[in-house]
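Novice: Fold the following, please.
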Amino acid sequence: LQVKSENKKTIWNTEEVPEGSEFDDTWDPREKPEYEIFFKQHVGTEDVFFGMTGKDPSTACCEDIVIKIKLPETKYSDITLDIQDKVLDLRTPKKKLLLHLPYPVNSKEGRARFLSDEETLEVTLRVSRKFDFINSS
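Specialist: Predicted coordinates for the structure are as follows:
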């Protein structure tokens, strides 16, 4: 299969390059921080007691992704955070995290808060998915 390129000198098309690869610097000596990924869904009594909406506890029915990143000895002002549709890029003077997200997110609707007593950055991102028979809300 031969792919035609606009420029004869290019090796591959931009569609073939994974999103976020421009942030991936393998020579960066900063260590990767510890992190956890949680999935969050909004449920009401119609879900819990009656099962009316068809939601189940799987990640396919979750609306948000919550990422908790441990950043010891870090000030909020030292954190640089960039969110793309499928990538989270976090950088501090001592730590660097390039995280390919499990689901595409709406990068414009995210929230981040720094819990200074826990030395943790908590990032909440809204999952962006197409509606189907599972994702109906």
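
Novice: switch to C-alpha atoms for all contacts and neighbour counts from now on
Specialist: Will do.

Novice: What pLDDT is listed against the closest residue to residue 120 other than its chain neighbours?
Specialist: Nearest in space to residue 120, with sequence neighbours left out and distances taken as C-alpha to C-alpha, 6 or more residues apart in numbering, is residue 70 at 4.5 Å. On pLDDT, residue 70 comes in at 97.

Novice: Outside of stretch 90-105 itself, which residues are in contact with it?
Specialist: Applying C-alpha atoms under 8 Å, 6 or more residues apart in numbering, the contact partners of stretch 90-105 are 20, 23-24, 30-33, 71, 74, 78-82, 84-89, 125-129.

Novice: Between its first and last residues, what's the separation in that stretch?
Specialist: Chord length of stretch 90-105, first to last residue, is 16 Å (C-alpha to C-alpha, to the nearest Å).

Novice: Please identify the buried residues of that stretch?
Specialist: 90-92, 95-101, 103-105 (16 or more other C-alpha atoms under 10 Å).
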